[in-house]
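Colleague: Sequence plus the predicted model coming up.
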Amino acid sequence: MTLREIAAGRIARSARLLVLVHIRMARHNDGCKHIAYVRHAMRRLLPLLALPLLATSAFAAPLPSIDMRSWRPSADPRAGVVLEPVTPPEHLQLNLALLTNYAFRPVSLEPNAATLRPVEHHLGADLIAGLGLGSRTSVGLGLPMVLYQQGTDPLPSGVVSNGVPVAAVGDLWTSGKITLRSNDHASGQAGLGLALLTQLTFPTGNRNSFASESGVTCTARFLAEYTYVVFTVQGSLGYKLRTNPTTWPDASLGGVVFGDEIPWTFGASLRPAILGLDAGNRQTWEIGLRGSVPAGPVGPFGTGKPGSARLSPVLLAASNRIELGHFHDTYVLVGVDFGLNDAYGVPAFRAMLGLGWTPRSHDKDNDGVPDDVDQCEELAEDRDGIDDDDGCPEDDADDDGIQDQVDACPKVKGEPDPDPRKNGCPHSR
């Protein structure tokens with residue numbers, strides 16, 4: 001017997017008991033007896049009425065209560081649409097950003113051979129704040145918002161209980177990053193880097209908006225990248241835990257269970273200045289793939305419960321991050337992605353536009369030479385009295401093979417000499 005049937009039976013018995021109360025009161029004239037009998041009847045009625053009320057509230061749980069946004073921006077100010085560095089921002093470096101996006105047909109389904117698009121046009125935004133902490137960690141905070149969305153109307157109750165809101169607030173999230181192996185060296189970024197990324201979301205959003213979960217979610221991803229000067233290849237693999245799996249749409253319409261996921265990314269980025277296409281060294285180009293596969297109860301690649309195809313999004317993305325201003329403290333992120341399958345939450349295409357502000361130290365190598373005149377921004381000046389204002393260390397300023405520390409003529413190419421006063425000087429001296 002279902003909870004609904006139990007509730008219906010209790011309601012019927014409650015109604016019969018109320019009729020008996022009225023009959024008893026009609027047959028007797030003793031007021032005191034009437035009151036005592038009513039009290040006794042109410043003691044029996046209250047427990048009986050409680051279950052129907054609880055059951056009714058349970059039945060009223062709205063659909064969809066699932067977050068189908070397939071793009072969640074990073075709190076790192078150097079991140080693109082898909083990739084973000086394994087190293088955190090500078091210590092106490094702040095990042096404040098507003099990232100907007102437009103998605104075309106992100107939520108569609110075809111129950112009983114009929115095409116329904118609960119969300120055909122979606123305009124959203126994310127308010128983001130991030131902060132670097134020390135040399136290996138950073139934290140972030142974000143709030144997604146639905147500025148406008150529109151789709152098929154009306155929709156069956158098994159798709160959305162109370163209609164899709166035109167505008168809504170999504171689930172608040174927090175994030176963290178820990179660098180496990182840094183590839184940020186004194187000579188610049190190079191080699192293998194590893195990091196752990198985490199994110200928690202809280203069900204603070206509108207349950208009908210397709211931008212809110214029915215419970216807390218927790219995601220952890222391992223990030224690996226290899227950087228060579230201005231070129232980076234990167235990938236990540238993780239696990240997303242849903243504390244409250246959700247079935248959508250209703251089972252009568254072929255619903256699937258949104259449970260745990262295995263998110264992944266892979267891509268590459270390039271600083272186009274190396275190609276002579278960006279004289280100010282302000283841009284970072286990126287191309288990447290991202291997606292996920294279900295981890296349970298629906299199994300990946302068709303295993304476990306059915307529905308894995310609609311729960312395995314794959315998207316191709318490209319972006320350009322452009323630094324603005326004299327000190328490159330402001331940036332613009334422009335991007336686009338395309339859905340490569342028809343999984344839930346995958347749009348036909350999406351366009352992104354973001355603006356961020358991330359004030360930082362303007363002396364990366366802390367050598368006292370400002371970055372805008374420092375010819376070696378990531379290499380500290382050695383303060384040896386030789387060209388100390390160019391920001392670059394000099395081991396052999398005149399390139400004669402004799403170290404400046406023992407070169408008697410450090411700015412004039414010379415030859416070795418056993419006499420310390422002539423070592424490194426031209427023989428004519």
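Modeller: Cool, the structure landed.

Colleague: Quick check, Tyr228 in contact with Gly193.
Modeller: No - when contacts are counted by CB atoms under 8 Å, Tyr228 is not listed as touching Gly193 (11.8 Å). For every residue, glycine as well, the C-beta is placed using N, CA and C.

Colleague: Can you pull the poorly scored residue ranges out of the stretch 101-250 of the chain?
Modeller: Within the stretch 101-250 of the chain, the segments meeting pLDDT under 70 span 113, 185-189.

Colleague: could you pull out the strands for it?
Modeller: Along the stretch 101-250 of the chain, the segments classed as strands by DSSP state E, counting those that start in this stretch run 116-133, 137-150, 168-169, 172-181, 184-185, 188-202, 217-228, 231-242, 246-248.

Colleague: would you list these in JSON lines and tack on mean neighbour count and distance to Gly335?
Modeller: As requested, those are arranged in JSON lines below (neighbours: other CB atoms under 10 Å; distance: least, CB to CB, whole Å):
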{"stretch": "strand 116-133", "mean neighbour count": "20", "distance to Gly335": "13"}
{"stretch": "strand 137-150", "mean neighbour count": "19", "distance to Gly335": "16"}
{"stretch": "strand 168-169", "mean neighbour count": "18", "distance to Gly335": "23"}
{"stretch": "strand 172-181", "mean neighbour count": "18", "distance to Gly335": "19"}
{"stretch": "strand 184-185", "mean neighbour count": "14", "distance to Gly335": "25"}
{"stretch": "strand 188-202", "mean neighbour count": "17", "distance to Gly335": "19"}
{"stretch": "strand 217-228", "mean neighbour count": "18", "distance to Gly335": "19"}
{"stretch": "strand 231-242", "mean neighbour count": "18", "distance to Gly335": "16"}
{"stretch": "strand 246-248", "mean neighbour count": "20", "distance to Gly335": "28"}
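
Colleague: Next, format these as TSV and append distance to Val314.
Modeller: TSV is the format used below for those (distance: least, CB to CB, whole Å):
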stretch	distance to Val314
strand 116-133	19
strand 137-150	22
strand 168-169	27
strand 172-181	23
strand 184-185	31
strand 188-202	20
strand 217-228	17
strand 231-242	15
strand 246-248	20
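
Colleague: Go through these and name the closest to Gly414.
Modeller: Nearest to Gly414 among the strands of the stretch 101-250 of the chain is strand 188-202 (31.2 Å), distances taken as CB to CB.

Colleague: Go through the strands of the stretch 101-250 of the chain and name the closest to Arg105.
Modeller: Closest approach to Arg105 among the strands of the stretch 101-250 of the chain (CB to CB): strand 116-133, 5.4 Å.

Colleague: what kind of secondary structure is the residue most central in space within the chain in?
Modeller: Nearest residue to the geometric centre of the chain (CA atoms, centre = their mean): Arg72, 3.5 Å. Taking DSSP: H, G, I helix; E, B strand; the rest coil as the rule, one finds Arg72 in the coil state.

Colleague: Look up phi and psi at it.
Modeller: phi -130, psi 100 (degrees, to the nearest 10).

Colleague: do Gln405 as well
Modeller: Dihedral angles for Gln405 - degrees, to the nearest 10 - are phi -60, psi -30.

Colleague: From the structure, what's the count of residues near it?
Modeller: Residues contacting Gln405 under the criterion other CB atoms under 10 Å number 10.

Colleague: what sits against the closest residue in space to Glu323 that isn't next to it in sequence?
Modeller: Excluding its sequence neighbours, the residue lying closest to Glu323 (CB to CB, 6 or more residues apart in numbering) is Arg282, at 4.2 Å. With contact set as CB atoms under 8 Å, 6 or more residues apart in numbering, Arg282 has these partners: 322-324, 328.

Colleague: Mind checking which of the residues you listed are in helices?
Modeller: Of those, none are assigned to helices by DSSP state H.

Colleague: Which of those are buried, as a ChimeraX select command?
Modeller: Selection of buried members from these for ChimeraX, criterion 16 or more other CB atoms under 10 Å:
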select :323,328
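
Colleague: a markdown table for the contacts of Arg282, including distance to Asp76 and pLDDT?
Modeller: Converted to a markdown table, the contacts of Arg282 look like this (distance: CB to CB, whole Å; pLDDT from 0 to 100):
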| residue | distance to Asp76 | pLDDT |
| --- | --- | --- |
| Ile322 | 16 | 97 |
| Glu323 | 14 | 96 |
| Leu324 | 18 | 96 |
| His328 | 15 | 90 |
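
Colleague: Format the contacts of Arg282 as a markdown table; extra columns: distance to Leu270.
Modeller: Output for those, formatted as a markdown table (distance: CB to CB, whole Å):
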| residue | distance to Leu270 |
| --- | --- |
| Ile322 | 14 |
| Glu323 | 15 |
| Leu324 | 19 |
| His328 | 17 |
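
Colleague: Which one of the contacts of Arg282 is nearest to Val293?
Modeller: Closest approach to Val293 among these (CB to CB): Ile322, at 33.5 Å.

Colleague: Okay, domains of the protein per the record?
Modeller: As given by automatic domain parsing, the domain ranges for the chain are 3-59, 94-357.
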